[in-house]
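1. Here is the input, now give the coordinates:
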Amino acid sequence: MSASDLIKMTKPMLSVGVGIIGPGLIGSALIAQINKQAATLRGLLKAGIIVVGVCNSKKMQQFAEQAFKSYYTSCCFACEYCTASDAVPNMYLHYIRMGIHVVAPNKKFGSGPLDRYKALKPLSLEAGRHFMYEATVGAGLPIMSSLRGLIETGDQILKVEGILSGTLSYIFNTYSSGMKFSDVVLGAKASGYTEPDLG
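-> Sure thing, here's the model as predicted:
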C-alpha cells in the first residue's frame, strides 16, 4: 500500500457547499461538471461537493448570506460567481469577511479598481479564505494559475508576451485582403473562439 493510499483511507470526508451565482452558460456547465465528477471527487479526494443553491446577481446578497448560515457549520462554503455582472465583484470583500471562499471564472474583479484588488489579498490571508479565479485569456489556457504557481514557488516573472486572446489569434490568422472584418469576427464566433456576448 502506498503512502497516498494510506492518506486517502485515513483522511476524513470534506464537505464543500457551493453556491452558484449566475445560472447562465458558465454556471450551467459548472453544475453539469460537478454532477459528472461527484463520485470521482468523493473517491479520489474524499471531498463531497454539494450545490446548495443557484441564483442570479440580483438575489446574490440574500442568497449568499442564507446559504452560508445554513451550511457553514457543517462544511466549507464557497460561492462561485458565473456572471459578468458589475455588481458581483463589489461584494467579494464582504463575502471574504463573512468567511466565504470566492471563486470567479472571469476578470471582472481583477480588472476593476486597483485599491479594491490590493485590499483583497491581506483580507483573504487574515480571514483564511481563498479568492480563486482564472481569467479567460489565451483561449482558455490556465495562464493565470500557471503564473501564480511560478511566483508562489520563488520564480520571478520578467515578461509575458504573446497574443493572449483566442479571438484575436483567429482573426490575425484568418483575415486577408478583400475579406470583410465582420465576417472574420462572425467566423471566430461560429468556431467558438469568442465570449458568448459580443455586445
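2. Whichever strand or helix holds Arg116 packs against which elements?
-> Assigned by DSSP states H and E, Arg116 belongs to helix 114-127. Contacts defined by 3 or more C-beta pairs under 8 Å, 6 or more residues apart in numbering; DSSP states H and E place helix 114-127 against helix 92-98, strand 131-133. C-beta: built from backbone N, CA, C; applies to glycine.
3. Including mean neighbour count and mean pLDDT, could these go into TSV?
-> Listed next are those as TSV, based on neighbours: other C-beta atoms under 10 Å; pLDDT from 0 to 100:
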stretch	mean neighbour count	mean pLDDT
helix 92-98	19	85
strand 131-133	18	81
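4. Okay, buried residues for stretch 167-178 please.
-> 167, 169-171, 175 (16 or more other C-beta atoms under 10 Å).
5. Also stretch 23-32?
-> 26-27, 30-31.
6. I'd like to know which of those residues is nearest to Leu158.
-> Distance to Leu158 across these (C-beta to C-beta) is lowest for Ile26, with 32.8 Å.
7. all strands for this structure, in order.
-> All strands of the chain, identified by DSSP state E, fall at 14-21, 47-55, 76-81, 101-104, 131-133.
8. and these, which is most packed in?
-> Highest mean neighbour count among the strands of the chain (mean count of other C-beta atoms under 10 Å): strand 76-81, with a mean of 24.
9. tell me the residue furthest from the middle of the chain?
-> Gly178 (39.8 Å; C-alpha atoms, centre = their mean).
10. Give me the pLDDT for that residue.
-> In this prediction, Gly178 carries a pLDDT score of 91.
11. roughly how far apart are it and Ala190?
-> The gap separating Gly178 from Ala190 is 20 Å, by C-beta to C-beta, to the nearest Å.
12. Next: Ala39.
-> 35 Å.
13. And Val51, by the same measure?
-> Per C-beta to C-beta, Val51 is found 32 Å from Ala190.
14. cool, Tyr117 as well?
-> Going from Tyr117 to Ala190 by C-beta to C-beta gives 35 Å.
15. Of the two, give the one with the bigger neighbour count.
-> Tyr117 (15 against 9; other C-beta atoms under 10 Å).
16. Double-check the more buried one against Phe109; I have them as touching.
-> Yes. The pair Tyr117 / Phe109 is scored as a contact, 6.8 Å apart, by C-beta atoms under 8 Å.
17. If you count contacts, what does the longest helix seen in the chain end up packed against?
-> If you go by DSSP state H, the chain has its longest helix at helix 25-45. Contact here means 3+ C-beta pairs under 8 Å, 6+ apart; on that basis helix 25-45 packs against strand 14-21, strand 47-55.
18. What pairs with the first one, parallel or antiparallel?
-> Applying DSSP bridges, strand 14-21 is found paired with strand 47-55 (parallel), strand 76-81 (parallel).
19. any idea how far Leu120 lies from Arg129?
-> Using C-beta to C-beta, we find Leu120 at a distance of 10 Å from Arg129.
20. what do these two both touch?
-> Counting by C-beta atoms under 8 Å, 6 or more residues apart in numbering, the common neighbours of Leu120 and Arg129 are Ile96.
21. ok so, going back, how far away from the center of its chain is the helix holding Arg116?
-> 17 Å (C-alpha atoms, centre = their mean, to the nearest Å).
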